[in-house]
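Trainee: Based on what follows, work out the 3D shape:
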Amino acid sequence: MDLSTQIETTIRDSMAVKQRLLDNGIAEPILAMAEVVAQSIANGGKVLLCGNGGSAGDAQHLAGEFLVRLRASLNRDALPALSLITDSSTLTACANDYGYDQIFARPLAALGQRGDVLLAITTSGNSANILAALDVAGDRGLIRLGFLGGGGGAALAKCDQAVVVPSGDTNRTQESHIMLGHILVQCVEELLLAQGHISEN
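Mentor: Sure thing, here's the model as predicted:
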């Protein structure tokens, strides 16, 4: 297969995964997640995000969309969100002292409050540090949301709500996760604006 054909095949494969999301009725679970996040923020809560590798990049990316803005056409109040993977000193200290499995659970135990939201992003659903974070979030009374892949893995049972991208391909799953994250942020914005909890500025 030549490179031009590979490029076209990759794009079609990505489109096919997104089509499966549509066919599976993705709008309803994403809207349900957005309502949970909007309610948490309206009540003074925040969104905490975590993931590994490309999913770590997604966690940072989406935290920035909440904190700053998603759309140039909408200047609105900042929304409270925090990526748990951006502090290299904390990450390396925790990995060194407690093990890599605790790099999200340890800061979450200090920063997470009842009523906050944890958004765990994992293509496999089986990352040990994500599972540990979901356990701590449950113990502390956080609402646990998941962007998962494949069959959802062990993380699925630990999430209060989750979207499982119907693909075993990490690349295709990550592409869908960031799309779904953008949609989630946009829905949260619209809900909070409609409810008068934030304003345009």
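Trainee: Return the set of buried residues in the longest helix anywhere in the chain.
Mentor: Scanning the chain for the longest helix, with DSSP state H as the assignment, gives helix 170-195. By neighbour count on 16 or more other Cβ atoms under 10 Å, the buried set for helix 170-195 is 172-181, 183-189, 191-193. No exception for glycine: its C-beta is placed from N, CA and C like everyone else's.
Trainee: counting contacts, what elements does that helix pack onto?
Mentor: For helix 170-195, the contact count by 3 or more Cβ pairs under 8 Å, 6 or more residues apart in numbering; DSSP states H and E identifies helix 3-23, helix 27-42, helix 54-67, strand 143-149, strand 161-165 as packing neighbours.
Trainee: tell me the centre residue of the chain?
Mentor: With distances taken as Cα atoms, centre = their mean, L119 lies nearest the centre of the chain, 4.2 Å away.
Trainee: And that residue, which helix or strand is it part of?
Mentor: Element membership for L119 (DSSP states H and E) is strand 117-121.
Trainee: So for that strand, mean pLDDT?
Mentor: If you average the pLDDT over strand 117-121, you get 98.
Trainee: Tell me where the model's unsure across the protein.
Mentor: By pLDDT under 70, the chain contains no weakly predicted segment.
Trainee: go with 80
Mentor: 1 (pLDDT under 80).
Trainee: picking up where we left off before, need the next SSE after the strand holding L119, C-terminal direction.
Mentor: helix 128-140.
Trainee: mind listing what L148 touches?
Mentor: Going by Cβ atoms under 8 Å, 6 or more residues apart in numbering, L148 touches T122, T123, G125, A155, L156, C159, A162, V163, V164, V165.
Trainee: okay, the helix or strand the fifth one falls within in PDB with CA atoms only?
Mentor: Counting by DSSP H and E, the secondary-structure element that holds L156 is helix 155-158. Coordinates of the C-alpha atoms in helix 155-158 are reproduced here as PDB (Å, rounded to 0.1, in the frame of the first residue of the first chain):
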ATOM      1  CA  ALA A 155     -12.000   1.200  34.700                       C
ATOM      2  CA  LEU A 156     -15.500   0.800  33.300                       C
ATOM      3  CA  ALA A 157     -16.800  -0.700  36.600                       C
ATOM      4  CA  LYS A 158     -15.200   2.000  38.600                       C
END
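Trainee: Many thanks, I have nothing further to ask.
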